[in-house]
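Colleague: Return atomic coordinates for the entry below.
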Amino acid sequence: MTATTRPARGASAYTEPDDTPTRPLDERGLLVSEAGTSPARTWADVIDELLALHNLADDWDGQGAEAPHPALVHVAITLAQSLRGSGQPPADFAIAGVNGTVILEWHGPAGYREVEATAPDRAEGRLVRPGSEVAEVFTLVRRS
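Modeller: Reported below is the predicted structural model:
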């Protein structure tokens with residue numbers, strides 16, 4: 001796997017692979033918008049929610065959803081710790097995806113952003129800017 005050596009704009013433990021387009025972000029190059037996050041919410045809250053995902057079993061939603069894989073919960077926690085360490089505001093939501101992934105979401109005036117842990121060394125992100133119907137996609141790859 002090849003990856004660039006520049007930080008993934010706030011996620012210092014991750015890099016973008018060479019074949020991924022540059023992520024369009026706010027003017028400060030941040031992954032998330034401080035304006036969209038509740039001031040009472042902390043990264044500790046997010047990490048607690050991520051840890052609670054370990055307790056989900058298959059069919060946790062009653063419709064056949066896969067339980068989050070423990071390795072993907074770990075990826076999401078590591079990403080959350082990296083984002084916290086770089087001064088990013090906490091995610092609004094930390095949730096399980098129906099296919100066993102783990103998702104961090106931000107909602108705010110700068111749009112909708114999500115990062116989904118999809119593999120032990122990879123997360124995929126999507127950004128939808130206000131007024132846009134297009135999701136801009138990016139990939140984060142964990143450095144060794």
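
Colleague: For the chain, identify the residue most remote from the centre.
Modeller: residue 62 (24.8 Å; C-alpha atoms, centre = their mean).

Colleague: From residue 64, how far off is the residue most central in space within the chain?
Modeller: Geometric centre of the chain, nearest residue: residue 115, 2.6 Å, by C-alpha atoms, centre = their mean. Using C-beta to C-beta, to the nearest Å, we find residue 115 at a distance of 24 Å from residue 64. Every residue, glycine included, has its C-beta placed from N, CA and C.

Colleague: returning to what we had before: where does the residue farthest from the centre of the chain sit: helix, strand or coil?
Modeller: Three-state assignment for residue 62 (DSSP: H, G, I helix; E, B strand; the rest coil): coil.

Colleague: Need phi/psi at it.
Modeller: As for residue 62, its main-chain torsions (degrees, to the nearest 10) stand at phi 80, psi 10.

Colleague: Okay, it and residue 98: tell me how far apart.
Modeller: Taken as C-beta to C-beta, the span from residue 62 to residue 98 is 11 Å.

Colleague: what about the protein, any weak spots by pLDDT?
Modeller: Applying pLDDT under 70 to the chain flags residues 1-39, 144.

Colleague: Could you point out the longest helix of it?
Modeller: Using DSSP state H to define each element, the chain has its longest helix at helix 70-85.

Colleague: Show me which positions of whichever helix or strand comes after it end up buried.
Modeller: Once the chain leaves helix 70-85, the next helix or strand it forms, by DSSP states H and E, is strand 93-96. For strand 93-96, burial by neighbour count (16 or more other C-beta atoms under 10 Å) applies to 94, 95, 96.
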